[in-house]
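Asker: here is my input; please provide its structure:
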Amino acid sequence: MINVNQKILWLADHDLDQAPGGAQRSDSIIISQGKLLGFNILKVTCKTISKDLNIHDYDILVTSNIHVLHLIRKNLIDEISKHKHHIRLEHDSNEHLSTEDRIKLFNSCVKTIFLSDFHVSFFKQRYGEIFKNVEIIYDPIDFHNFRNLNLERENKILYSGYMHPLKGTYDFFDFALNNPQQKFVVAGWTSHATINHLCQSIENVEYLGQIPYEKMPEI
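Answerer: Numbers count the residues shown, from 1 in each chain. From the prediction side, this is the model:
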């Protein structure tokens, strides 16, 4: 049982104001709620991590997306694997890690949190039975904002969110190119020039760019 006097370190690549994606929004909701309940939580990102940070000074370690942090701090996975109370909050596919580092990361967990039954089965099928103390906790984003308003819908397929090869973006383009009669819409953003070019050059793809979160239910 965690008590409010324990120090919690939350490691994540970005804050919501740096990268407004689903993982960052989920982290923000959870951390804000934790602080309202009186928990002592420090979030450290790629912008705020220091050479002097000792993760073992904290009673509890929560890791979210740490791809960029891992690039900055080469021995980070080794450090995490030795922490006595590591909680893993998995958001994505985790393909950026080597098999060795992935096993180290998940073997150290006192709790491994996935977002759905499918999320767990996907990981086990892809990486094997390496996940310890698994718990499913659905994403805290308020799905009630996304409701049927009985408006006329367009026959288009929507891709939304950050566009990156590790998120299957090139699979989306393959599908769009192989289905020229189907119309697609992209409400997202990317730091990849090639992806940006494809969004704007494929004839059956309408590129809206990044849409404010509040506008997404309408889209």
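Asker: for the rest of this, base every contact and every neighbour count on C-alpha atoms.
Answerer: Noted.
Asker: start and end of stretch 156-169, how far apart?
Answerer: In terms of Cα to Cα, to the nearest Å, the two terminal residues of stretch 156-169 are separated by 17 Å.
Asker: give me the contact list for that stretch.
Answerer: 21-22, 92-93, 95-96, 182-190, 192, 195, 210 (Cα atoms under 8 Å, 6 or more residues apart in numbering).
Asker: and those, which are buried?
Answerer: Among those, those classed as buried by 16 or more other Cα atoms under 10 Å are 21-22, 92, 183-189, 195, 210.
Asker: narrow those to those in helices?
Answerer: Among these, DSSP state H puts 22, 195 in helices.
Asker: can I get the buried ones among the contacts of stretch 156-169 in a markdown table including pLDDT and distance to residue 166?
Answerer: Shown next, in a markdown table, are the buried ones among the contacts of stretch 156-169 (pLDDT from 0 to 100; distance: Cα to Cα, whole Å):
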| residue | pLDDT | distance to residue 166 |
| --- | --- | --- |
| 21 | 87 | 14 |
| 22 | 88 | 15 |
| 92 | 88 | 9 |
| 183 | 98 | 23 |
| 184 | 98 | 20 |
| 185 | 97 | 20 |
| 186 | 97 | 17 |
| 187 | 96 | 18 |
| 188 | 92 | 15 |
| 189 | 92 | 14 |
| 195 | 95 | 12 |
| 210 | 92 | 19 |
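Asker: show me which pair in the buried ones among the contacts of stretch 156-169 is furthest apart.
Answerer: Farthest pair in these (Cα to Cα) is 92 and 183. Separation: 26.7 Å.
Asker: mind checking which of the contacts of stretch 156-169 land in strands?
Answerer: Judged by DSSP state E, strands contain the following of these: 183-189.
Asker: could these go into a markdown table alongside distance to residue 110?
Answerer: Shown next, in a markdown table, are these (distance: Cα to Cα, whole Å):
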| residue | distance to residue 110 |
| --- | --- |
| 183 | 45 |
| 184 | 42 |
| 185 | 41 |
| 186 | 38 |
| 187 | 37 |
| 188 | 35 |
| 189 | 35 |
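Asker: where does the protein dip in pLDDT?
Answerer: Along the chain, segments meeting pLDDT under 70 span 1.
Asker: so where do the helices sit in this protein?
Answerer: 22-36, 67-72, 76-81, 99-107, 117-127, 169-178, 193-201.
Asker: lovely, talk soon.
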